[in-house]
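Output the structure for:
(one chain, ligands or ions: 1)
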Amino acid sequence: SFDELKKCTKNFSENNLIGSGGYGKVYRGKLPSGQMVAIKRSQQGSMQGGLEFKTEIELLSRVHHKNLVGLVGFCFEQGEQMLVYEFMASGTLRESLSGRSGIHLDWKKRIRTALGSARGLAYLHELAHPPIIHRDVKTTNILLDENLIAKVADFGLSKLVSDGSKGHVSTQVKGTLGYLDPEYYMTQQLTEKSDVYSFGVVMLELITAKQPIEKGKYIVREVRIAIDKNDETHCGLKEIMDPALKNNTNLIGLQRFLTLAMQCVEDSASERPTMSEIVKNLESILQNNG
Ligand code: ADP
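Predicted structure coming up:
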């Protein structure tokens with residue numbers, strides 16, 4: 001209940017504030033059972049927020065997977081909406097890549113992060129009933145737990161894809177600039193392949209540690225330029241690679257990872273692999289020592 005959640009966050013004290021996002025504020029809390037949780041709190045009012053909240057709850061209460069951030073409970077009371085999630089102690093993937101969280105991900109850990117998130121998304125696309133397109137895959141929506149297991153979060157933008165109309169759901173374009181599938185943007189036809197595009201951008205971030213758009217430049221374009229340059233002079237790839245990765249990285253694995261990422265960000269959705277093909281490919285890269 002509201003009062004219990006209030007207690008477990010010490011009255012929503014600023015000390016327990018972890019961040020704020022689209023829905024409102026996120027607090028750290030401890031349930032009476034001892035379980036650590038993250039509580040997303042938002043005041044009711046904006047219809048938009050209300051609807052997104054309901055959507056998120058309906059989805060998450062049905063979906064369980066090791067690589068998806070689990071919804072522990074929720075509470076609608078006293079004009080408040082609260083979602084209680086399992087606590088992800090190591091923060092967002094973006095924080096790790098930017099060096100802000102103090103967690104350094106070496107190359108193998110980055111492949112495992114990609115593989116975990118890919119498994120979570122493959123589950124949403126292929127095993128959830130009905131299939132779910134995430135619509136907002138990005139490094140701030142990939143969280144790491146205390147063991148650095150990657151889990152995909154934030155289904156606020158997700159929408160159930162009804163079986164009959166699979167692949168032909170047309171809606172208003174939503175998502176985050178820099179991750180947005182250009183074909184979806186042009187045609188407004190949302191498919192699982194839009195998540196694959198965004199996931200490809202996440203993979204490029206894992207290689208470069210750059211944000212999808214930096215100083216007005218798109219990472220996808222920058223990497224394409226570097227690859228062309230590499231074909232000519234064999235020095236383009238070093239320029240785009242995260243400096244923190246330069247030692248101890250298997251360049252064969254990195255090349256395979258990069259090739260896979262570039263397939264994911266193909267302009268034409270039909271050229272992109274499916275999430276489960278990506279999972280298989282990443283497993284193979286990991287088995288060959290990254
Ligand atoms: P957005 O709407 O921008 O995606 P969220 O509201 O989902 O943001 O989350 C805001 C911040 O709260 C995140 O950037 C993250 O740092 C933190 N956070 C969200 N969920 C969790 C969680 N389950 N465990 C730990 N921290 C979380």
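
For the rest of this, base every contact and every neighbour count on C-alpha atoms.
OK.

which residues of this protein fall in helices?
2-8, 47-60, 93-98, 107-122, 182-187, 192-208, 219-233, 236-240, 251-264, 275-287 (DSSP state H).

what is the rounded mean pLDDT of the longest one?
Taken as a whole, helix 192-208 carries a mean pLDDT of 97.

Could you list the contact residues of this structure toward the ligand?
Residues of the chain lying close to the ligand (CA under 6 Å from any ligand atom) are 18-23, 26, 38, 85-89, 91-92, 140-141, 154.

and with 8 Å instead?
18-28, 37-40, 69-70, 85-92, 140-141, 143, 145, 153-154 (CA under 8 Å from any ligand atom).

Among the residues you listed, which ones are in strands?
When DSSP state E is applied, the residues of the chain next to the ligand are split such that 18-21, 24-28, 37-40, 85-86, 143 fall in strands.

Only the buried subset of those residues, as a ChimeraX command please.
Here is the ChimeraX command that picks out the buried ones among these, judged by 16 or more other CA atoms under 10 Å:
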select :25,26,27,28,37,38,39,40,85,86,143
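
Rank the ones in strands among the residues of the chain next to the ligand by pLDDT and give me only the lowest.
G21 (71).

give the contact list for L143.
By CA atoms under 8 Å, 6 or more residues apart in numbering, L143 lies in contact with V69, M88, S90, G91, T92, L93, A150, K151, V152, A153.

Point out where this structure drops to low pLDDT.
1-2, 10-11, 22-23, 43-53, 55-56, 59, 78, 155-172, 234-235 (pLDDT under 70).

make it 50
45-47, 160-170 (pLDDT under 50).

I'd like the distance between the nearest residue to L121 once chain neighbours are set aside and the ligand.
Spatial nearest neighbour of L121, chain neighbours left out: M275 (6.7 Å); criterion: CA to CA, 6 or more residues apart in numbering. Look at M275 and the ligand: by CA to the nearest ligand atom, to the nearest Å, they are 22 Å apart.

repeat for E58
16 Å.

Then K174?
Applying CA to the nearest ligand atom to K174 and the ligand gives a distance of 13 Å.

so L258 touches E205, yeah?
No: L258 lies out of contact with E205 (CA atoms under 8 Å); the separation is 10.6 Å.

Show me which of the two is the more surrounded one.
Counted by other CA atoms under 10 Å, L258 and E205 do not tie: E205 has more neighbours, with 23 against 20.

what sits against that one?
E205 sits next to L97, Q211, P212 when contact means CA under 8 Å, 6+ apart.

at 7 Å instead, please
E205 sits next to Q211 when contact means CA atoms under 7 Å, 6 or more residues apart in numbering.

Check E183 too.
Contact analysis of E183 by CA under 7 Å, 6+ apart lists D267, S268, A269.

Next, count neighbours for S33.
S33 has 6 nearby residues by other CA under 10 Å.

ok, it to I285 distance?
40 Å (CA to CA, to the nearest Å).

Please apply the same query to A118.
14 Å.

Ok, N141 next?
24 Å.

Which one's more surrounded, A118 and I285?
Neighbour totals were compared for A118 and I285, and A118 leads with 26 against 20 (other CA under 10 Å).

Please tell me I have it right and the more buried one contacts V279.
Yes: shown here, A118 and V279 form a contact pair, counting by CA atoms under 7 Å, at 5.8 Å.

and V26, bridged to which residues?
G19, K40 (DSSP bridges).

Please name the residues that touch it.
By CA under 7 Å, 6+ apart, the neighbours of V26 are L17, I18, G19, S20, A38, I39, K40, R41.
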